[in-house]
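> generate coordinates for the sequence data below:
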Amino acid sequence: MKAAVLIALIVSLNAAEISELLEAIKKTPQSKLDEIMIKEMKINKKSVTYSLYPKVTLTATAEHFSEPSNIKPLPPTKSSKILASNGGLPFSQNIYRVGFNISMPLFIKEIYDNKKKMQTLLKAAKYRAKLNLLKRQASLIVLVSKLNYLYELKKALIKQKNSIQTTLDTIKVGVDVGRIPEFKLLRLKSSIISIKNKISDVNTKIEELKSKIYELTLIEVNSKIKLNANSIKKGEFFALKPLKENLKSSVYDIKAKKDVFLPKVILKIQGNRAFAKAYNNNKNLALNYASAGIYVSWDIFNKKNSSEIQKAKINQSKISLEIQKTINKLTSQIKYINNSLKEIKKELLNTKESISIKEELLKGAKVAFKLNRMSVDEYLKYEDDLAKQRANLANLIAFKNSLIAQKALIYGKNLKKVFK
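Next comes the predicted model:
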């Protein structure tokens with residue numbers, strides 16, 4: 001009972017481990033960079049929206065003129081009244097002003113289309129960030145699958161080494177009494193040394209994969225990770241989502257470039273208070289002056305804008321071709337993955353059956369070798385065949401998981417739900 005509980009606990013920990021690794025990728029600098037990219041795009045969108053708001057500017061000037069200049073426009077009738085009352089005329093050589101300027105677009109079509117363009121670019125950025133995350137998570141599944149294969153390969157080599165060692169221990173007595181040639185003993189020892197070297201090579205490769213997994217997740221992995229893959233339903237190619245948003249963006253980009261040729265209507269309000277000494281009697285003056293108006297500007301000919309429209313149309317064509325290229329590529333990949341998974345399913349069944357057969361054949365080969373009815377090379381071939389089939393089974397499982405990860409990436413599936 002205790003053993004069953006312990007096994008269940010181990011399985012639970014392993015199942016949680018792949019989920020933990022997949023989740024950890026979201027917290028790495030690579031994923032954080034994608035988040036920053038989205039924040040940057042949101043700010044760019046706000047920047048376009050804010051250009052529709054009024055712009056308020058405070059001003060202050062100090063001016064000196066070679067001749068007395070007007071502080072503000074003065075009608076002739078008013079100037080005669082000022083002179084009659086011995087007042088100061090609003091003219092001076094030194095004028096100081098404080099004031100404000102307000103401007104607000106009433107109609108600039110370009111801004112509205114650029115706003116829609118930024119909305120689609122923001123969606124594209126979010127899709128790209130998710131796609132990048134899925135790519136890193138799929139890469140993790142591939143690395144974990146390879147790591148599991150290496151652990152199984154190491155396990156198969158250790159079993160082979162132990163099996164040969166058992167045979168060696170059995171025939172050692174026969175060699176000591178001269179019944180069995182010493183050559184066979186030396187040949188077995190040589191085979192064990194060769195297997196030990198293979199195990200060392202596998203250990204090196206394991207460390208390399210563990211390092212790559214740490215780079216992706218910032219988590220150290222020290223054992224095999226259980227992977228149970230669920231089936232994946234057909235869906236839309238996820239890589240098309242950001243491209244389609246870019247295509248929508250290109251439509252608004254062309255419109256925005258064409259909008260440059262439309263009239264622009266802007267409301268402007270400005271006012272200031274001027275301080276100076278009247279040139280005719282040196283009296284201190286403090287006068288207010290303000291204006292408000294609607295201004296229309298219209299570019300009826302601008303060759304540079306025409307070239308910008310052509311550039312935008314070329315960019316739209318490039319995105320359309322990129323979409324078609326991606327569809328063709330992913331369709332080909334899905335066909336390959338689906339066909340490969342069908343064949344792997346058959347190979348797994350055959351390999352498991354082959355392992356059972358080779359285990360029985362090895363038992364017979366051991367008996368024949370101990371009875372001196374089989375050469376050492378023939379016996380070792382049975383050992384090699386079984387070890388290779390065990391490694392092949394692990395390799396098929398690893399390949400299967402890698403293909404499923406690629407399929408999940410293509411359809412944009414949640415890898416935490418696919419692999420448990």
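> residues contacting N392?
N392 makes contact with T351, according to Cβ atoms under 8 Å, 6 or more residues apart in numbering. No exception for glycine: its C-beta is placed from N, CA and C like everyone else's.
> so it, which of the three states?
Three-state call for N392 (DSSP: H, G, I helix; E, B strand; the rest coil): helix.
> next, count neighbours for T28.
16 (other Cβ atoms under 10 Å).
> could you pull up phi and psi at it?
phi -80, psi 160 (degrees, to the nearest 10).
> quick one: the helices in the protein?
2-24, 29-50, 76-84, 109-176, 182-217, 240-259, 303-370, 376-411, 415-418 (DSSP state H).
> got the contact list for the residue most central in space within the chain?
Residue closest to the average C-alpha location in the chain (Cα atoms, centre = their mean): N132, at 1.9 Å. N132 sits next to Q30, S31, D34 when contact means Cβ under 8 Å, 6+ apart.
> who wins for neighbours among those?
Neighbour tally across the contacts of N132 (other Cβ under 10 Å): the maximum, 19 neighbours, falls on D34.
> how close does the closest residue to that residue other than its chain neighbours get to S69?
Nearest non-adjacent residue to D34, counting by Cβ to Cβ, 6 or more residues apart in numbering: A129, 3.8 Å away. From A129 across to S69, the span is 59 Å (Cβ to Cβ, to the nearest Å).
> okay, those two: which has more neighbours?
A count of neighbours by other Cβ under 10 Å puts A129 above the other of A129 and S69, at 19 against 16.
> list the contacts for that one?
The contact partners of A129, by Cβ under 8 Å, 6+ apart, come to S31, D34, E35, M37, I38.
> switch the cut-off to 10 Å
S31, L33, D34, E35, I36, M37, I38, M41, P242 (Cβ atoms under 10 Å, 6 or more residues apart in numbering).
> can you report how many residues lie near the closest residue to L386 other than its chain neighbours?
Spatial nearest neighbour of L386, chain neighbours left out: K358 (4.4 Å); criterion: Cβ to Cβ, 6+ apart. Other residues lying near K358 total 19 when counted by other Cβ under 10 Å.
> please apply the same query to L380.
20.
> please tell me the pLDDT value assigned to L89.
pLDDT for L89: 82.
> that older thread, look up how far L348 lies from the residue nearest to D34.
A129 is 36 Å from L348, by Cβ to Cβ.
> for this protein, what helix or strand is lowest in average pLDDT?
Least confident element among the helices and strands of the chain, by mean pLDDT, DSSP states H and E: helix 2-24 (a mean of 57).
> these two touch, right, N44 and S51?
No. Between N44 and S51 there is no contact under Cβ atoms under 10 Å: 11.5 Å.
> shared neighbours, the two?
N114.
> for stretch 403-420, measure first residue to last.
End-to-end distance for stretch 403-420: 16 Å, by Cα to Cα, to the nearest Å.
> so for it, what's the average pLDDT?
Average pLDDT, stretch 403-420: 94.
> just stretch 134-151 next, same as before
When pLDDT is averaged over stretch 134-151, the result is 96.
> with stretch 382-390 instead?
The average of the pLDDT scores along stretch 382-390 is 95.
> now it: buried residues?
When burial is assessed from 16 or more other Cβ atoms under 10 Å, stretch 382-390 yields the following buried residues: Y382, E383, D385, L386, A387, K388, Q389, R390.
> and the contacts of it?
With Cβ under 10 Å, 6+ apart as the criterion, stretch 382-390 contacts 152-153, 155-161, 163-164, 167, 188, 191, 195, 198, 350-366, 368-369, 374, 395.
> how does it look with 6 Å?
A156, Q160, I164, S354, I355, K358, L361, L362, A365 (Cβ atoms under 6 Å, 6 or more residues apart in numbering).
> same deal with stretch 246-257?
By Cβ under 6 Å, 6+ apart, the residues outside stretch 246-257 that reach it are 110, 113-114, 116-117, 120-121, 124, 308-309, 312, 315-316, 319.
> now flag whichever of the residues you listed is closest to L262.
E110 (7.6 Å; Cβ to Cβ).
> hang on, the closest one packs against F261?
No. At 9.7 Å, E110 does not count as touching F261 under the criterion of Cβ atoms under 6 Å.
> the more surrounded of those two?
The neighbour count for E110 versus F261, taken as other Cβ under 10 Å, is higher for E110 (19 against 16).
> can you pull the contacts of the nearest residue to the more buried one once chain neighbours are set aside?
Of all residues not flanking E110 in the chain, D259 sits nearest, at 3.9 Å (Cβ to Cβ, 6+ apart). Contact partners of D259, counting by Cβ under 6 Å, 6+ apart, are K109, E110, D113.
> where does pLDDT dip in the protein?
By pLDDT under 70, the low-scoring segments of the chain are 1-16, 84.
> switch to 50 and redo it
Low-confidence segments of the chain (pLDDT under 50): 1-16.
> end-to-end on stretch 259-270?
End-to-end for stretch 259-270, by Cα to Cα: 28 Å.
> you'd agree A276 is up against N284?
No. At 8.0 Å, A276 and N284 do not qualify as touching, with contact defined as Cβ under 6 Å.
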